[in-house]
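Q: Sequence first, then the predicted structure:
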Amino acid sequence: MNIMVMAGTSDAVRLIKEIKTLESDIHVTATTVTDYGADIAKAAGADDVLSKPLSSDELTSIIKNLNIDVLVDATHPFAAEATRNAIKSSQTVGIKYLRLERPPLDLPDSELIHVVNSFPEAAQMAQKITDGPILHLAGVSTLHYLTDIIDKDRIVARVLPSSYSINKCLDRGLSGKNIIAMQGTFSLEFNQALMKEYHARVILTKESGQTGGTFSKIEAALELKIPVILVERPPISELKKEKVKGSVEEVIAELL
């Protein structure tokens, strides 16, 4: 069996590891958007890795050329375009599509949590809430929404420890002292230590689910009485007719 795993999350890494413990004749091709992600997928056991963003047409061509039997979309909940491309390509070729998506969080009831629908709205909210330091925990690809309207010296970004992420931060005007390059997820205590160290007055993050470490960030901030701006997941209407699984175990059961 030839399985393609569209990776980019810790769930995808675990899924690849689990698949490789099954029958030896399963070949796993992983796709990622960065070399850093490719290294992680290879370490997890992927037989082949493609490390670049793929359009729908490119993905369709690869699926055909590699004789892929099943496509497992384990991309991040915010990678909406990648998911739409995966669904379209699977339908075009006529192969099985499975979505591995982290269940949404059950948010605590707190007036410190500000739920918004987009990153531009989040940036406006951050500007309104404080004139102090903002701890950005929503990924380097969304950093520009803050730097476009807020003084760069006030923004501290925690990003993946890759040259791509660090260079993106520098390109957006952040100084080295305001860049935290680390691979998560992180404990409540560690998140609190960072929030204290950088004197954060507001936390900006996105609803990535429990395995994405979002709840730990929120809980850490609430205990310190720091407001949290939480960006909701983008709706993907195309998923309504597809099989969506909430855990690695459910995906494995579907593959067997």
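A: Good, I have the coordinates.
Q: For residue 129, give me its contacts.
A: Going by C-beta atoms under 8 Å, 6 or more residues apart in numbering, residue 129 touches 114, 201-202, 227, 229. (C-beta placed from N, C-alpha, C; glycine too.)
Q: Contacts for stretch 53-60, please.
A: The contact list for stretch 53-60 (C-beta under 8 Å, 6+ apart) reads 31, 33, 62, 82, 84-86, 88-89, 92-93.
Q: Filter these down to the ones in strands?
A: Applying DSSP state E to the contacts of stretch 53-60, the entries found in strands are residue 31.
Q: related to what we said a few turns ago, of the contacts of residue 129, just say which sits nearest to residue 214.
A: residue 229 (12.2 Å; C-beta to C-beta).
Q: Pull out the buried positions in the strand or helix carrying the closest one.
A: Element membership for residue 229, per DSSP states H and E: strand 228-231. By neighbour count on 16 or more other C-beta atoms under 10 Å, the buried set for strand 228-231 is 228-231.
Q: Tell me how far stretch 24-32 lies from the chain's centre.
A: Centroid displacement of stretch 24-32 relative to its chain, using C-alpha atoms, centre = their mean, to the nearest Å, is 21 Å.
Q: same thing with stretch 114-121?
A: For stretch 114-121, the distance to the chain centre is 17 Å (C-alpha atoms, centre = their mean).
Q: From the opening residue of that stretch to its closing one, how far?
A: Distance between the boundary residues of stretch 114-121 (C-alpha to C-alpha, to the nearest Å) amounts to 11 Å.
Q: same check, this time on stretch 152-171
A: Its first and final residues considered, stretch 152-171 spans 11 Å by C-alpha to C-alpha.
Q: buried set for it?
A: 154-160, 162, 165-166, 168-169.
Q: cool, and stretch 95-104?
A: Buried residues in stretch 95-104, counted by 16+ other C-beta under 10 Å: 95, 97-102.
Q: Give me the spatial nearest neighbour of residue 130, chain neighbours excluded.
A: residue 201 (4.1 Å; C-beta to C-beta, 6 or more residues apart in numbering).
Q: Let me see the contact set for the one you found.
A: Residues in contact with residue 201 (C-beta under 8 Å, 6+ apart) are 129-130, 132-134, 226-227.
Q: related to what we said a few turns ago, check the buried residues of stretch 95-104 against residue 40 and report the nearest one.
A: Nearest to residue 40 among those, with distances taken as C-beta to C-beta, is residue 100, at 16.0 Å.
Q: Could you look up the SS state of the spatially most central residue of the chain?
A: Centroid-nearest residue in the chain, with C-alpha atoms, centre = their mean: residue 76, separated by 3.9 Å. At residue 76 the chain is in coil, as set by DSSP: H, G, I helix; E, B strand; the rest coil.
Q: That concludes my questions; thank you for your assistance.
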